[in-house]
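next comes the sequence, and after it the predicted model I'd like to discuss.
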Amino acid sequence: MALLLAATAATASAASSTLPKYNPYLAQSYNNQGHWNDAATDSTDIAVPRGAYEVAPGSFDIVPNESASLPHYSDKVGGKEIYWWWSGFSLRKLRIENGKFVEIDRMKIPLTLPDYKEATSEERMEQAAAVQKFLQAKDEQGLLDYMKAQPNRMLTAVEDQVRTGAIYSLLTRDDTFVGASGRRLFTIAQSDPKDPESRLLAPKEKVLPEELFDNEKAKRGTRYPVDAMFGVGMTYNGYLLINTVGGKIITLDRKTLDVVDVYTVKGSDELFLNGFATGQEAGGGAVYVASNTTMYRFVVDAKGKIHDDEKSGAWHEPYERGAKFTSIKIADGTGATPTLMGFGPKDDKLVVFTDGANKMRLVAMWRDTIPAGWKQKPGTLSRRIADQREVDLGPEIDTVQSEQSVAVHGDYAFVINNIPTKQAPHLSNQSYFASMINGATRPSPRGAAMMKWDSAKHEWKTQWARTDVGSVSIVPMISGGSRMAIIDGYFADRMNDRHLIGMDLDTGKTVLRIRTGTDPRFNGMFAPIKCDPEGNILFGMAFGLVRMDTSKMKRLDD
């Protein structure tokens, strides 16, 4: 297959019609929250080099973590690109020097977990080497026993993150980090926001009242024993916002962290299992969030009050809920954080997500005013649904579902399948274990598809679909500058031979592949793939944070 080299990297533009305008209350950066931006597009205008590569010594750098990994954010401070990386146990402030991470400062967040002992950087790399041996030997039982025995709760690391609310976070206008840990919401500011080398200040935190959490409801609907914070975001009119697994949306004062208002969903088994997107609509108070039964647009007014009525510009509509899965997905309903699509003056203004059907549909709802004379499409549950299309990967793949958000850039919407085809049950349904063995000791999930929105006909068109590639758990990204969608996963015919795979937006052909082989340190483990302004790939993975420089890698034949 012919593989091309991309042009030089282009920096992201806040004015681009393919991406939302920067939120005035957040870092003025292309990467200031988990899904990159307020619209949760998981995309950038930055170009990532195309080509065929294999990682080699010196072509990547890793910052080990204590347990499992989470997103990183970036902002330019005093002309330097600075990174903030939240591992769930500590916030690290980093810069890049000669291709290596340099730690500027670190702030630990005390977290109490039963029978937990922090692993050192050296111990984490030893754990990675041990896991690699088990995977190479296809010894699933040995791997499971090893994970169970690790003092840093390796087996339950992903579930621990959800239980403690350490999933979503963000970076504010003055580069103050906002995150969650347990029942606490906290902020970590800079001693001097204008100095790239400034130290981190001690956390300011607010313990949220117990009555905001519904442990029994969360336990009934998920495999988690307690309710927790999940999404963290900022409205365009300046209110900090969180949701809980148990079905609450909460506004808070962004400076004091005091609770302003609380909204509880009506359904007795209705849960929030993803983050949310915020938009400029409704005076900057639009919030798009999906429960496991319903897609919502809430409106937060100038005083921080949450509205769900049509008069205020809010709405809520049902979608196909589907079945509950035993692993990868948290529960039933959508596995996707809602993504906003359409930012130009003539674009259809949509919110898109995948539903819970066994073969999921890509659903597009009108996120603002429904066009005059619009008639409900046959087979849809709501007049607000602009269109929905089944992600059909052929008769060999009878289940198509994802725990990942839809990646959107312009008219393109990229989706993946996270559910393996029928196979022997896992020895454990813990997500860390499942994400390690899928693709290594047994076949990975298969399937990726690109849809394109037709504004003239208000409908989805299938651009292409592939079944020879699979992504286990990482959140994909779209590089608009290189016109490709990137996943971390496997080619179907190459067991335990991991790659980052870039596919052309229009043709679906492989235009980037980075072979990482059997090394589990490159397992993305539910983190989003991102990049720096030069197009180097960065992502949180199973054992830390990694940065990859293709210019220093071994070149492969096409």
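Great, that's in hand.

okay, the residue nearest to Arg555 when sequence neighbours are not counted and Ala386: tell me how far apart.
On the basis of CB to CB, 6 or more residues apart in numbering, the spatially nearest residue to Arg555 that is not a chain neighbour turns out to be Tyr53, at 6.3 Å. For every residue, glycine as well, the C-beta is placed using N, CA and C. In this view, Tyr53 and Ala386 are 40 Å apart by CB to CB, to the nearest Å.

in the stretch 151-300 of the chain, which spans are strands?
For the stretch 151-300 of the chain, applying DSSP state E, counting those that start in this stretch gives strands covering 170-171, 177-181, 184-188, 204-207, 229-234, 239-244, 248-253, 259-264, 277-279, 286-290, 294-300.

how about the ones you listed, which one is nearest Ala449?
Counting by CB to CB, Ala449 lies closest to strand 286-290 out of the strands of the stretch 151-300 of the chain; the figure is 20.0 Å.

who does that closest one pair up with?
Paired with strand 286-290 in the same sheet, following DSSP bridges, are strand 277-279 (antiparallel), strand 294-300 (antiparallel).

who's in contact with that strand?
Defining contact as CB atoms under 8 Å, 6 or more residues apart in numbering, one finds that strand 286-290 is touched by 231, 233, 235-236, 241, 243, 249, 272, 274-280, 295-300, 313, 319, 333-334, 336-338, 340, 351, 353, 367.

what are the buried residues along it?
Of the residues in strand 286-290, those scored as buried under the neighbour-count criterion (16 or more other CB atoms under 10 Å) are 286-290.

on that earlier part again, of all the strands of the stretch 151-300 of the chain, which one is nearest Ala40?
Among the strands of the stretch 151-300 of the chain, if distance is taken as CB to CB, the winner is strand 277-279, at 4.5 Å.

quick one: the helices in this protein?
With DSSP state H applied, the chain shows helices at 121-136, 140-149, 157-163, 215-221, 281-284, 431-437, listed in chain order.

just name the most buried of those helices.
Each of the helices of the chain was given a mean neighbour count from mean count of other CB atoms under 10 Å, and the largest, a mean of 23, is that of helix 431-437.

other SSEs contacting it?
For helix 431-437, the helices and strands in contact under the criterion 3 or more CB pairs under 8 Å, 6 or more residues apart in numbering; DSSP states H and E are helix 121-136, helix 140-149, helix 157-163.

measure Thr462 to Thr399 for me?
18 Å.

which one of these two is surrounded by more residues?
More neighbours surround Thr399 than the other of Thr462 and Thr399, with 19 against 14 (other CB atoms under 10 Å).

can you pull the contacts of the more buried one?
Thr399 makes contact with 358-359, 417, 419, 421, according to CB under 8 Å, 6+ apart.

and the buried ones among those, selectable in ChimeraX?
For selection in ChimeraX, the members of the contacts of Thr399 meeting the burial criterion (16+ other CB under 10 Å) are listed in this command:
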select :359,417,419,421
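
lowest-confidence entry in the contacts of Thr399?
Scanning the contacts of Thr399 for pLDDT, the smallest score is found at Thr421, 85.

with adjacent residues omitted, what lies nearest to that one?
What sits nearest to Thr421 in space, not counting adjacent residues and going by CB to CB, 6+ apart, is Ile397, at 6.0 Å.

the helix or strand bottoming out on mean pLDDT in the chain packs against which elements?
Using mean pLDDT, DSSP states H and E, the weakest-scoring helix or strand in the chain turns out to be helix 157-163, at a mean of 90. Counting by 3+ CB pairs under 8 Å, 6+ apart, the packing neighbours recorded for helix 157-163 are helix 431-437.

so for the helix it packs on, mean pLDDT?
For helix 431-437, mean pLDDT is 94.

residue ranges with poor pLDDT in the stretch 401-550 of the chain?
Across the stretch 401-550 of the chain, nothing is flagged by pLDDT under 70.

show me where it has its strands.
Read by DSSP E, counting those that start in this stretch, the stretch 401-550 of the chain holds these strands, from start to end of the chain: 407-409, 412-416, 448-454, 459-466, 469-471, 477-479, 484-491, 498-504, 510-517, 530-531, 537-541, 544-548.

out of those strands, which comes closest to Asp174?
Nearest to Asp174 among the strands of the stretch 401-550 of the chain is strand 530-531 (21.7 Å), distances taken as CB to CB.

how about stretch 264-278 as PDB, C-alpha atoms only?
Extracted C-alpha coordinates of stretch 264-278, given in PDB (Å, rounded to 0.1, in the frame of the first residue of the first chain):
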ATOM      1  CA  THR A 264     -31.700  15.300  38.700                       C
ATOM      2  CA  VAL A 265     -32.900  13.200  35.800                       C
ATOM      3  CA  LYS A 266     -36.400  11.700  36.100                       C
ATOM      4  CA  GLY A 267     -35.800   8.100  35.200                       C
ATOM      5  CA  SER A 268     -35.500   5.600  38.100                       C
ATOM      6  CA  ASP A 269     -32.700   3.800  36.200                       C
ATOM      7  CA  GLU A 270     -31.400   6.700  34.200                       C
ATOM      8  CA  LEU A 271     -27.600   7.300  34.500                       C
ATOM      9  CA  PHE A 272     -24.900   9.500  33.100                       C
ATOM     10  CA  LEU A 273     -22.000   7.400  31.800                       C
ATOM     11  CA  ASN A 274     -20.100   9.900  29.800                       C
ATOM     12  CA  GLY A 275     -18.900  13.400  29.700                       C
ATOM     13  CA  PHE A 276     -20.600  16.300  27.900                       C
ATOM     14  CA  ALA A 277     -20.200  19.000  25.400                       C
ATOM     15  CA  THR A 278     -20.800  22.700  25.900                       C
END
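
averaged pLDDT, it. What do you get?
Across stretch 264-278, the per-residue pLDDT values average to 96.

out of the buried residues of strand 286-290, which comes closest to Gln141?
The nearest member of these to Gln141, counting by CB to CB, is Ala290 at 37.5 Å.

show me what the closest one is bridged to.
When bridges are called by DSSP bridges, Ala290 pairs up with Met295.

Thr172 now?
For Thr172, the beta-bridge partners under DSSP bridges are Leu26.

got the helices of the chain as JSON lines, with distance to Pro476 columns?
Below are those laid out as JSON lines (distance: least, CB to CB, whole Å):
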{"stretch": "helix 121-136", "distance to Pro476": "23"}
{"stretch": "helix 140-149", "distance to Pro476": "26"}
{"stretch": "helix 157-163", "distance to Pro476": "18"}
{"stretch": "helix 215-221", "distance to Pro476": "27"}
{"stretch": "helix 281-284", "distance to Pro476": "26"}
{"stretch": "helix 431-437", "distance to Pro476": "15"}
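
any idea which of the buried residues of strand 286-290 is closest to Ile188?
Val287 (24.3 Å).

find the residue closest to the closest one in space, skipping its chain neighbours.
Using CB to CB, 6+ apart, the closest residue to Val287 is Phe298 (4.5 Å).

thank you, goodbye.
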